[in-house]
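Undergrad: Give the three-dimensional model of this entry:
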Amino acid sequence: MSRRRWDAWSLTNWERNGAKGTTWARAGAAFENRDGSIAVQLDVVPLSGRIQLRDPSSDHPQKPGAK
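TA: Alright, predicted model coming up:
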């Protein structure tokens, strides 16, 4: 049985000289356990308090060529 895996990303909003954006930093990973619960392993402390779980194959701004 294959269990799901996600990449964990820390998102930080910023504003400079009138420009706004979001910085994505890989923060760790999440894994589905046998009982259906999810375990999250963080490699960093997200100062923004925001963590987003994404399928490893999904497009997001951190990946080259993503829009």
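Undergrad: Please make it C-alpha for all contacts and neighbour counts, starting now.
TA: Fine.
Undergrad: Low-confidence ranges, this protein, go.
TA: 1-2, 60-67 (pLDDT under 70).
Undergrad: chain center to the longest strand along it, what's the gap?
TA: If you go by DSSP state E, the chain has its longest strand at strand 19-32. With C-alpha atoms, centre = their mean, to the nearest Å as the basis, strand 19-32 stands 3 Å off its chain's centre.
Undergrad: Parallel or antiparallel, which strands does it pair with?
TA: strand 5-16 (antiparallel), strand 38-42 (antiparallel) (DSSP bridges).
Undergrad: in that strand, what counts as buried?
TA: In terms of neighbour count (16 or more other C-alpha atoms under 10 Å), strand 19-32 has its buried residues at 24, 26-31.
Undergrad: With stretch 43-57 instead?
TA: 46, 51, 53-54.
Undergrad: quick revisit: right, and the strands paired with strand 19-32 - which one's nearest residue 59?
TA: Proximity to residue 59 (C-alpha to C-alpha) singles out strand 5-16 among those, at 11.6 Å.
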